[in-house]
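S.K.: From the sequence below, what's the structure:
(chains A and B)
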Amino acid sequence: AQSVTQLGSHVSVSEGALVLLRCNYSSSVPPYLFWYVQYPNQGLQLLLKYTSAATLVKGINGFEAEFKKSETSFHLTKPSAHMSDAAEYFCAVTPGTYKYIFGTGTRLKVLA
Amino acid sequence: SQTIHQWPATLVQPVGSPLSLECTVEGTSNPNLYWYRQAAGRGLQLLFYSVGIGQISSEVPQNLSASRPQDRQFILSSKKLLLSDSGFYLCAWSDGGGGETQYFGPGTRLLVL
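M.R.: Reported below is the predicted structural model:
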């Protein structure tokens, strides 16, 4: 069975600082992994997707994530936080079926 | 390009009243369609998914039902709303089920009083 754990329901960083949002997954088969961002009262927007083509995945808005099979992790990073990055971020996993398993989300706050 | 619409954006309904939320997708054909409910601090819960007209699979037995009367239309319904039905409802589509990206609509905020 697949599962996703996002460590830290709330993360605060200063503007210009490194953003690190953690995601660990469990999957019995090679997974597809996703990061989505959600702004208040909006739907989810895809940031990036891992499909086994490359372990380092670059996404939109300067975000990237690295797939580490040995650590079963897919952490999201951005070198320099911007105020507009304040949002909720969701990690998701699917074994290659219709069914996605979403984490409970991490709310990112960017301090001026 | 593909777009996905949901309406209404916000809805306040009394307990025991019926519900109908609509989702439509443009710019693609025969999409997989999904309904999710999002509760604060609990991530997204898949409610229903559909791979074609009239084909609905339910993930969680509950007070809700879904229908797909047309290829790009997905409807979430209830005959009698419960307080626990309050939440943020998201519709999504994908080109297939093999790890394809799901694209989300803007959502409907439902408050049951």
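S.K.: Distance-wise, check the spatially most central residue of chain A relative to chain B.
M.R.: Among the residues of chain A, the one closest to the centroid is A:Trp35, at 3.7 Å (C-alpha atoms, centre = their mean). Here A:Trp35 is placed at a distance of 11 Å from chain B (C-beta to the nearest C-beta, to the nearest Å). Bear in mind the C-beta positions are built from the backbone N, C-alpha and C, glycine included.
S.K.: Would you agree A:Ala65 falls within a helix?
M.R.: No. Under DSSP: H, G, I helix; E, B strand; the rest coil, A:Ala65 falls outside any helix and is assigned strand.
S.K.: picking up where we left off before, show me what the residue nearest to the centre of chain A is bridged to.
M.R.: Here A:Trp35 sits in beta bridges with A:Leu48, A:Cys91, going by DSSP bridges.
S.K.: My read is that A:Tyr36 contacts A:Leu48, right?
M.R.: No. If you go by C-beta atoms under 8 Å, A:Tyr36 and A:Leu48 don't touch, sitting 9.2 Å apart.
S.K.: Just want to know which of these two has more residues nearby.
M.R.: A:Tyr36 (25 against 19; other C-beta atoms under 10 Å in any protein chain shown).
S.K.: Phi first, then psi, for the closest residue to that one other than its chain neighbours.
M.R.: Excluding the flanking residues, the one nearest A:Tyr36 by C-beta to C-beta, 6 or more residues apart in numbering or on different chains is A:Leu44, at 4.0 Å. Torsion angles at A:Leu44 (phi, psi; degrees, to the nearest 10) stand at phi -90, psi 140.
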